[in-house]
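Undergrad: Return atomic coordinates for the entry below.
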Amino acid sequence: MTDSLTHRDRAVLRAVADGRCEIAGTALLVDGLCCADQFAGLRLRTAGLISTRPGPAALTDAGYDVLAA
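TA: Just a heads-up that it's a prediction; the model follows:
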């Protein structure tokens, strides 16, 4: 999955790392607004890179590894 991450996916991961994202139902909010790529949150959650629980979004260990690479 990490080989197929887009620049947008990596930008969303950086926003999550900066504490700017929240998971509300199936939507990923960035700075309080729905993410323009409505499938980015689902894609990153399915890949195991961000948390799946509602509330403040958080990177998983795999998400941190992707950003460090």
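Undergrad: When you work out contacts or count neighbours from here on, use the C-alpha atoms and nothing else.
TA: Noted.
Undergrad: And residue 2, what's its pLDDT?
TA: For residue 2, the pLDDT comes out at 55.
Undergrad: check contacts around the residue nearest to residue 59 when sequence neighbours are not counted.
TA: Spatial nearest neighbour of residue 59, chain neighbours left out: residue 50 (4.3 Å); criterion: CA to CA, 6 or more residues apart in numbering. Counting by CA atoms under 8 Å, 6 or more residues apart in numbering, residue 50 touches 13, 16, 44, 57, 58, 59, 60, 63.
Undergrad: Residue 62 too?
TA: 48, 49.
Undergrad: Strands of this protein, start to end?
TA: 21-24, 27-30, 33-34, 55-56 (DSSP state E).
Undergrad: Output these as CSV; include the columns mean neighbour count.
TA: Shown next, in CSV, are the strands of the chain (neighbours: other CA atoms under 10 Å):
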stretch, mean neighbour count
strand 21-24, 21
strand 27-30, 21
strand 33-34, 14
strand 55-56, 15
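Undergrad: so where do the helices sit in the chain?
TA: Taking DSSP state H, the helices of the chain run over residues 7-17, 40-46, 61-68.
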